[in-house]
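Trainee: Structure for the following, please:
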Amino acid sequence: MFGLLYTSNAIAGINHTVLADIFQSCVRFNVPNNVTGVLMHRNNKFMQYIEGDEPVIRELYDKISRDDRHTDCELVMTRNITRRNTEQWVMGIGSLQPKDNQLDYQYINFVMELKHNTFNQDSVDFHNLLIDFATSQ
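Mentor: Have a look, this model is predicted:
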């Protein structure tokens with residue numbers, strides 16, 4: 001099992017309709033390819049974590065990095081994992097928009113729920129990156 005995390009900059013005009021289209025694309029690919037993960041959108045940035053068989057994940061990342069709905073795709077982390085961190089999600093997706101420059105506490109609750117319910121020892125770095133993403137300006 002293999003996990004990969006990247007960040008990128010969303011193009012102008014990313015909205016809930018575009019995010020819904022991305023989600024549908026994820027479901028169509030992920031189900032037959034046994035891929036799970038989570039995609040976050042905040043402050044015109046994306047962060048996505050995907051996991052599955054290493055060749056499938058590497059090929060998927062190559063395809064994602066060429067998608068024209070984002071730019072500056074940066075590979076943050078890859079690692080072999082002993083078990084999935086997002087096994088219950090074909091693709092979790094969220095748009096995290098701060099209110100009045102304050103942290104969205106609904107998102108923090110979401111991340112903390114992830115930590116307590118689904119994270120394993122391999123995912124401590126992943127959890128910290130989610131918190132960093134949630135709190136970045």
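Trainee: going forward, measure contacts between C-alpha atoms and count neighbours the same way
Mentor: Will do.
Trainee: Now do the helices in this protein.
Mentor: Listed in chain order, the helices of the chain (DSSP state H) span 16-33, 54-65, 105-117, 124-135.
Trainee: strand partners of the lengthiest strand in the chain, parallel vs antiparallel please.
Mentor: Longest strand in the chain, counting residues (DSSP state E): strand 70-80. Counting by DSSP bridges, the strands paired with strand 70-80 are strand 2-10 (antiparallel).
Trainee: State the mean pLDDT of the strand it pairs with.
Mentor: What strand 2-10 shows for mean pLDDT is 90.
Trainee: outside of that strand, which residues touch it?
Mentor: With CA atoms under 8 Å, 6 or more residues apart in numbering as the test, strand 2-10 has contacts from 44-54, 57, 69-81.
Trainee: and that strand, C-alpha only, in PDB?
Mentor: The C-alpha atoms that make up strand 2-10 are tabulated as PDB, following Å, rounded to 0.1, in the frame of the first residue of the first chain:
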ATOM      1  CA  PHE A   2       1.300   3.500  -0.900                       C
ATOM      2  CA  GLY A   3       0.200   7.000   0.000                       C
ATOM      3  CA  LEU A   4       0.900  10.300  -1.800                       C
ATOM      4  CA  LEU A   5       0.200  13.900  -0.900                       C
ATOM      5  CA  TYR A   6       0.500  17.000  -3.000                       C
ATOM      6  CA  THR A   7      -0.500  20.600  -3.000                       C
ATOM      7  CA  SER A   8      -1.400  22.900  -5.900                       C
ATOM      8  CA  ASN A   9      -2.900  26.300  -6.700                       C
ATOM      9  CA  ALA A  10      -6.500  26.300  -8.000                       C
END
